[in-house]
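Asker: build me a model:
(chains A, B and C, ligands or ions: 3)
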Amino acid sequence: MTGRLNLASLLAGIGAILLLATALVAPALFSDTVSRMDVAAAGTGPSAEHWFGTDDLGRDVFARTLAATQLSLGLALAATAIRVVLGVAIGMWLSLSGSLARAIGTRIIDTALSFPAILIAIVITTIVGPSIEGAVLGVGLAGVPTYARLGYTMSSAIVGRDYVAAAKALGLGRIAILWRHVLPNIADTLAVSTATSLGLAIVEIASLSFLGLGVNPPAFDWGRMLIEGAEAIYVNPAAALGPAAAIALSGLIFSYLGEAIALWIQPMRSGSLVSRSDIDGAASAIAPLRLDAGEDAILLAENLSVAFPTEGSQTVAAVRNVGLSIGRGETVGLVGESGSGKTLTAMALAGLTGHPARVSSDRLLFTGEDLTAMSGALRERLLGTGLAVVFQDPSTSLNPALRIREQMTEAVRHHRGLSEEEASALALEQLGLVGITEPGRRLGQYPHEFSGGMRQRAMIAMGLMMRPALIVADEPTTALDVTVQAQILALLREANGRDGTAILMISHDLAVISQVCDRVLVMYGGRIVESGPVEQVIGDPAHPYTRALIGAIPDLDTPRGQRLVEIPGQPPVIGAFPRGCSFQERCPARQGACAASEPPQTEIGAGRVVACWLYAAPHAEPDAKSDTKSEAAA
Amino acid sequence: MTRGRPLSRFLFARLPFARFLLGKAAQIAAILFALVLLTFLMVKMIPGDAASRIAGPDADAAYLSQLRSELGLDRPFAVQLWNYVAGVARGDFGVSLATRQPVIELIRDRLPYTAALAGLALAFVVVVGFSFGLSVAIATRDDRLPWLDHGFTIVTGTLGAIPELLAGIFLGYVFAVSLGWLPISGAAGPGSVILPALAIGLRPALNLARVVRVEARRTLRADFIRTARSKRLPAWRIYLRHLAPNVVTAALTIAGLVFPFLIGGAVIVENIFAWPGLGTAIVRAVVTADYPVVQAIVVLLGMLVLVTNMIVDVLLAIADPRSTVRT
Amino acid sequence: MTGLSATDIRVRFGAMLALDGVSIAIPPGGTLGLVGESGSGKSTLGRALLRLHDLAGGKIMLDGEDVTRASGARLKNYRRQVQIVFQDPSASLDPRMNVARAIEQGMRLRGERDPAALGRLLDTVGLSRTVASRLPHELSGGQRQRVAIARALAVRPSIIVLDEVTSALDVSVQALVLNLLRDLQAELRLSYLFISHNMAAVRAMSDEVAVMYRGKLVEQGHADSFFAAPSHPYSRSLLEAVPRLRHLREPPASAPGPFGPG
Ligand SMILES: Nc1ncnc2c1ncn2[C@@H]1O[C@H](COP(=O)(O)OP(=O)(O)OP(=O)(O)O)[C@@H](O)[C@H]1O
Ligand code: SF4
Ligand SMILES: [Mg+2]
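Answerer: Residues are numbered from 1 along each chain as shown, chains lettered A, B, ... in the order given. Ligands and ions are numbered 1, 2, ... in the order given. A predicted model of the protein is given here:
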C-alpha cells in the first residue's frame, strides 16, 4: 500500500484520537467542575481561572465544553450508525431487486432526498417529542435517503461491471458476489463518507439542540451550550464561541479524516513518471534528417520533440527528434501503436499541445513561414485559416450545446470576417459536398441529432470551410463502423482531389492509411523509424518493427489457420525508453550497436528512410561523434 | 375557422414539452398528496395521543376529552383523515393551539420573510458560486497557477464546511456584536436580512463554486474544446460560447439540489437572528406541541421545495439541447 | 445434437428488441465468427447464450439438453461448460483481486484442490508464474487478457464466448492472443463463439461465419465460401468496406453503401 500521508491527514488522525480521548475521560475528570457554580464570577469573560469564562450561572465554560464532547460525539455516532447501516442495506437490497422495485425505490429515495433534512428531523422530533432520543432518531433517519442513494449507486455500478458478469458466468451465487466483489469494492468509499458524515452529524445534532429540540438541561451538549452562550453573547462571547469552536473543529477533523482515508486507500496507481533524462539525453544527438518533400513543403518540421515535466524540474520525452515534411496536396500517413506519440506529434505540429507539454524544434515552417518566430496573433491567423484538424471521436469533438451552424461558421466569421449569411451559405455548400442531405435543416440541428458517421462528415465539412492547405486527421475513423469508415476515407480522398488539400492522417491501422495516403511514416517509441511510399513500405518493409507488424496483423487475405507473426514483449512506455533503438527489446535482429545509441536515419531508396542499425552506412557507427554532439547540445 | 389560434399552434408545435409539463405537474400533485398524508400520520403516530402530549402528564380527564373533541380525535380515523385533507385543500389548517389564531393567518404573516431570506440566499449562491468557480477554472486551466488552485481548494474546503449554525453565530459576533455594523436580531429594515442570508448562503455558494470548477475543468479538457482551439477562436468565444453553456447545465442541476439546503438552513438561521419567518414559527410550534402549525409549515416548506425543483427541471429541459422535450 | 445451439433468441431492453429471433449453432471443436457493426447485437447474443440476460423468447440447447430455463444447480453446471471472455480486460478483472485469487475462484468451484493446478494453468496461457500475486493494474493489457482467459479455462469449459477479445489490445500484441486462442482450441478441443468487428481477425479464426444487422442474423455460412462470395447485400457491403493492406487504392467509392449514408 503506497498510501500518501500529508500533513492534513496526519493532523486529522491526531485530532480524531484526541477527540476520542477527550470524550472518554473529560466527563469523569471534570465531573464536579462542570456543575460548580461560581456565583461571584457568573457571566465573566476569560480569565486565568476560567479559560473560556463562565456562563450566567457561573459554571466554567472550558470544562463544560470538554465534558460535552462525550454526549455530542456519542449522539453523532449513534445517528451515523443508523443512517449508514439502514441506508446502505436499503440501497444494496434495491440494487439487486427487479427493475420495477428499483424504479419505485429510487423514485422514493430521490423524492425524500429533495426535502430538507432538518424538516425530516423536525417531523420525527414532533412524533417522538423533543428529547435526546428524538434528536438521534431524527438526525439518523433524515440521513437514510442519502445513504440509500449512495449504497444503491455504488452497488449498482459494481453489479454492472464485467467482472461481476464473469463471476456470474462462473456460477457464483448472489451472496458470494455481494461479499467477494461488491462489498470490498465499495467499502473504501463507504468508510470515507462515514467519516465525513460523522462530522455532519455532530453539527446536525448540535443544531437540533440549539433549536431546543434535542438535549435538554440538566444534560448538555455543544448545541445546548450554544443557546446559553448566544443569549449572553454581549457579556461573554467566549461562552458561545467555545462550544462553536468545538463543533467547528470536530466537524473539520472528521471531514479531513474522510479525505485522509480516501487518500490512504486509493488503489495504487502506477507511480508518477520516472525521469530518465540520462537516457533520453544521450539519444538526442542524431544523424542529419532527410526531408522528403523538399523546401517548398507546406509543413516542415526538424527535430521536433515533445516532453513532459516530471517531479523535480526534469522532463521525459514522449516524441523525440521527429523530422517530417508535407508537400502541397500530398497525403501522408502516420502509423503507430497506442502511445507511440502520433497524436502528440500532430498536436505539436498544429500548436495544440496542452499546458505541461514542452515542444521544441530546430525548425517549424508552415506554408514557408516560421511558426516559432511569429507573433501569437499572426500565428493564430495563419494556422486558423491554413490548417484544420479532424479528431478521432466525432461524438465528443462537436460541442453538444451549440447548433451545427454556429460551430461550422464561427471560424470563417472570425478569421475571414464573413457575414452570417455568407458563412451560412458556405456551410450549406460544404455540408452538401460531404454528402449530407437536407443541409439546410441539418444546419439548425444539434450534434446529438446526427448519427456518428454524419457527425464525422460534419467535422470534415467544418474543417474544409476555410479551404485549408492542410487537414490533420487524427484517427478519423477509429470510432466508426467499417462501412462508415470506408465512406469517410473516400471523403478525405475526394477533398484532396478536389481542393488539393494536403492530408496528414494518423491511424494505428496501416490498411486504413493505405486507402488514403501516398506516403507513410511509421512511428515507434516516440520516433519515426521508417518512412516511404505506402506501397513500398507495405510490400517491402525494411525496419524490423514494420516487418513484424505487417506479419502480425491479420488481413482478409491471410489464409485461415496461418500462424501470425508474434512480437514478444510490450511497446516501451514514455519515461522508460531504452537507450539506443526503442525496438531493441523486441527485435530479432538486434546487434551490439542497437543498445549503444540511436540508429541514424538512413536513406535506402528513393524517398525511403529507415532508422535502424542494420541499414546504417558503415561510417555512421555510434561513437564519439554522437556523444560529442550530445554534450554540445547539453 | 381554418387557422388555429397562436396559443394552440404553439402548444401543438411544442407537444412533447406540454406533455412534459403535465407529467411534472402530476408528479408534484402526487408527492404533495403524500406529504399531506405524512403530516396527518405524523400527529397520529405520536405515542399515547396528541391530546395527552399537549395536556401534559397530569391533566384532568375533562380537559383531555375537551381537547380530544376539539382536535377531532374522537371521530373515526377515516373521517379525521378526510376532514384534514379537505381542510388542507381549502387552505384551512385549523387553529393554532397556542394563540387561537387561524394557522393560515400566521403563515400569511411569516411566509414573505422566509421567502425573502431564501430567495436572497439563492441569488447569492448562484451568482457567487458560478462566477467564482468558472473564473478560477479558467485561470487554472491546464494546471496553470497551482497556488491559486491550492488556495481555492483550501478556502472552499474550509469555509465550505462551516455549517449554517456556526456561520450564523460567527457572522453575528463579528458584524453585529463586535463591529456593530448590522443588526443582530429581528427584522428591522433591509440591513437585517444580510447576515442571515450570508449565513445560509455561504456554505452552498462555496460548494457550488467547487462543483462548477470541477465541471468546468472537466469540460475544458473535453474534445470539443480542443476542436474550438483548433479553429483558433478568440479566448472569449471559447469560454463564453463553448465552455459556459456546457457548465450551466451542471450548475443548474446543483442549484436545484441546493434549494432544500437553503430552506433547511433558513430554519436554523432564523432562530439565531430571531427572524420572524416560518423557521422560528415551526420550532416554537414543535416545542409547544402546536401541531396544526407544524403540519402547515411542513406542507408549505415542502411545497416550496417541490415548486423550485420543478422550475429547475423545466429550465434544465430548456437549456439542454439533448433533452427530448424540445422539438 | 452435440455442441451449443440457440434457436429464435429474443432479448428485449425496454421498448427495444435487441435480438429479434436469432438462431446459431457453434460447431463442436470449431469456431463460429460473429460479425456486424456496433449496436447490431453481437455482445447481447454472447451474453444471452450465457444466460446473463433475460430471454424474451427462444431456446438454448447444450448437447441435446434444453437449458433455456435451467436454474440452480443445473444453471451452475451449464455455466461451467460455457464461459465468456470480455473485450476490456481492465474492466473484466476485479481490481482488488490478484491473479491467483481470480483464477482459483473458478478452480475451487470445479472442486480442484491441487495447488499446482494454478501454475499449470498459468503455463497454459503463457503467463509467468511470478504474476500470480499481482493485481490487475500491475499487468500489461495482453497479460490481463491472458488472465481473463485463464479464469475462463479454470472451470474446464467446452465452449468459450470471446467478445471482442483483442480490440482493446495493442496491434503488436493481438497476434499473441489470437495464436494462443488457436493453440488452446487445438489442445483442449474448445469451441468458440468469436465476436469481433474486425473482419480480418474473424477470417483468421473462424470455421463458420454469422453476420448480424440490427438484431437479426442476415447470413450464416462456411467461412471460406462466405469470404469468397457473401450472399447477403449487407455482408457484401461489409466485406467491401474492409480496407485491405495488399490491395491498394481502389477507385474512390462515389456512391454511399446500400444502406444509405452513415
Ligand atoms: N499530459 C501528459 N502528461 C504525460 N504524458 C503524456 C501526456 N499526454 C500524453 N502523454 C504520453 O505521451 C505518449 C504519446 O501519446 P500520444 O497521445 O501521442 O500517443 P498516440 O500514438 O496518439 O496513441 P493512441 O493511438 O492511443 O492515440 C503516451 O505515452 C502518453 O501517455
Ligand atoms: S536498430 Fe537494432 S534493435 Fe533497432 S530495429 Fe534495427 S536491428 Fe533491431
Ligand atoms: Mg492518438
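
Asker: surely B:Phe124 touches B:Leu198?
Answerer: Yes. Counting by Cβ atoms under 8 Å, B:Phe124 does reach B:Leu198; the two are 7.2 Å apart. For every residue, glycine as well, the C-beta is placed using N, CA and C.

Asker: where does chain C have its least confident helix or strand?
Answerer: helix C:89-92 (a mean of 82; mean pLDDT, DSSP states H and E).

Asker: is chain A contacted by the next helix-or-strand element following that helix?
Answerer: Later in the chain than helix C:89-92, the nearest helix or strand by DSSP states H and E is helix C:99-110. Yes. Under the criterion of Cβ under 8 Å from any Cβ of the partner chain, chain A is reached by helix C:99-110 at C:105-106, C:109.

Asker: give the rounded mean pLDDT of helix C:99-110.
Answerer: Mean pLDDT, computed over helix C:99-110, is 86.

Asker: give me the below-cutoff pLDDT ranges for chain B.
Answerer: Applying pLDDT under 70 to chain B flags residues B:1-15, B:187, B:321-327.

Asker: any idea how far the residue in the stretch 1-150 of chain B that chain A sits nearest to lies from chain C?
Answerer: Across the stretch 1-150 of chain B, the shortest distance to chain A (Cβ to the nearest Cβ) belongs to B:Asp142, at 2.8 Å. Note on B:Asp142: its distance to chain C, by Cβ to the nearest Cβ, to the nearest Å, is 26 Å.

Asker: for A:Asp499, same thing?
Answerer: 14 Å.

Asker: how about the strands in chain C?
Answerer: Per DSSP state E, chain C carries strands over the ranges C:4-13, C:16-25, C:31-35, C:57-62, C:65-66, C:82-85, C:159-163, C:191-195, C:208-213, C:216-222.

Asker: touching chain A at all, whichever strand or helix holds B:Val299?
Answerer: B:Val299 is part of helix B:291-319 when elements are defined by DSSP H and E. Yes. Counting by Cβ under 8 Å from any Cβ, contacts between helix B:291-319 and chain A involve B:291, B:294, B:298, B:301-302, B:305-306, B:309.

Asker: same check, this time on stretch B:56-68
Answerer: No. Stretch B:56-68 lies out of reach of chain A by Cβ under 8 Å from any Cβ, never closer than 11.5 Å.

Asker: with stretch C:236-246 instead?
Answerer: Yes. Using Cβ under 8 Å from any Cβ, we find that stretch C:236-246 touches chain A at C:237-246.

Asker: what average pLDDT does that stretch get?
Answerer: Computed over stretch C:236-246, the average pLDDT equals 83.

Asker: A:Lys326 contacts A:Val472, correct?
Answerer: Not Lys; residue A:326 is Ile. No. If you go by Cβ under 8 Å, A:Ile326 and A:Val472 don't touch, sitting 9.7 Å apart.

Asker: is A:Ala317 in contact with A:Gly525, as I believe?
Answerer: No. Applying Cβ under 8 Å, one finds A:Ala317 not in contact with A:Gly525, separated by 10.1 Å.

Asker: give me the common contacts of these two.
Answerer: Counting by Cβ atoms under 8 Å, 6 or more residues apart in numbering or on different chains, the shared contacts of A:Ala317 and A:Gly525 are A:Phe577.

Asker: any chance of the residues of helix C:99-110 next to chain A in JSON lines, with neighbour count too?
Answerer: Output for those, formatted as JSON lines (neighbours: other Cβ atoms under 10 Å in any protein chain shown):
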{"residue": "C:Gln105", "neighbour count": "22"}
{"residue": "C:Gly106", "neighbour count": "26"}
{"residue": "C:Leu109", "neighbour count": "17"}
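
Asker: rewinding a little: neighbours of the residue of the stretch 1-150 of chain B closest to chain A, just the number please.
Answerer: 13 (other Cβ atoms under 10 Å in any protein chain shown).

Asker: and what of the one 3 residues further on?
Answerer: The number of residues packed near B:Leu145 is 14, by other Cβ under 10 Å.

Asker: wait, isn't it in contact with B:Val136?
Answerer: No. Using Cβ under 8 Å, B:Leu145 makes no contact with B:Val136, being 9.0 Å away.

Asker: returning to that earlier point: turn the residues of helix C:99-110 next to chain A into JSON lines, columns for distance to chain B.
Answerer: Listed next are the residues of helix C:99-110 next to chain A as JSON lines, based on distance: Cβ to the nearest Cβ, whole Å:
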{"residue": "C:Gln105", "distance to chain B": "36"}
{"residue": "C:Gly106", "distance to chain B": "39"}
{"residue": "C:Leu109", "distance to chain B": "42"}
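
Asker: nearest to A:Glu603 among the residues you listed?
Answerer: Among the residues of helix C:99-110 next to chain A, C:Gly106 lies closest to A:Glu603 (Cβ to Cβ), at 55.4 Å.

Asker: isn't that closest one up against C:Val155?
Answerer: Yes. Look at C:Gly106 against C:Val155 with Cβ under 8 Å: they come within range, at 4.5 Å.

Asker: okay, and the common contacts of the two?
Answerer: By Cβ under 8 Å, 6+ apart, the residues touching both C:Gly106 and C:Val155 are A:Leu170.

Asker: go through the strands of chain C and name the closest to chain B.
Answerer: Across the strands of chain C, closest to chain B is strand C:16-25 (Cβ to the nearest Cβ), at 15.3 Å.

Asker: are any of the residues of helix B:291-319 next to chain A buried, and which?
Answerer: B:291, B:294, B:298, B:301-302, B:305-306, B:309 (16 or more other Cβ atoms under 10 Å in any protein chain shown).

Asker: number of residues surrounding the residue nearest to B:Ser192 when sequence neighbours are not counted?
Answerer: Spatial nearest neighbour of B:Ser192, chain neighbours left out: B:Pro183 (4.9 Å); criterion: Cβ to Cβ, 6 or more residues apart in numbering or on different chains. Close neighbours of B:Pro183, defined as other Cβ under 10 Å, add up to 19.

Asker: ok, B:Pro183 to B:Ile194 distance?
Answerer: 9 Å (Cβ to Cβ, to the nearest Å).

Asker: just the pLDDT at the residue nearest to C:Ser23 when sequence neighbours are not counted, thanks.
Answerer: Ranked by Cβ to Cβ, 6+ apart and with sequence neighbours excluded, the top spatial neighbour of C:Ser23 is C:Thr7, at 4.6 Å. pLDDT, C:Thr7: 92.

Asker: give me the beta-bridge partners of C:Thr7?
Answerer: C:Lys59 (DSSP bridges).

Asker: what about the spatially closest residue to the residue of the stretch 1-150 of chain B closest to chain A that is not a sequence neighbour, which SS state?
Answerer: Once flanking residues are discounted, B:Asp142 sits nearest to A:His355: 2.8 Å by Cβ to Cβ, 6+ apart. Here A:His355 takes the coil state, with states given by DSSP: H, G, I helix; E, B strand; the rest coil.

Asker: circling back to that earlier point, let's have the residues of helix C:99-110 next to chain A in a markdown table, adding distance to A:Gly592.
Answerer: Formatted as a markdown table, these follow (distance: Cβ to Cβ, whole Å):
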| residue | distance to A:Gly592 |
| --- | --- |
| C:Gln105 | 47 |
| C:Gly106 | 47 |
| C:Leu109 | 52 |
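
Asker: nearest to A:Ala595 among the buried ones among the residues of helix B:291-319 next to chain A?
Answerer: Using Cβ to Cβ, these come closest to A:Ala595 at B:Asn309, 66.2 Å.

Asker: nice, that's everything, thank you.
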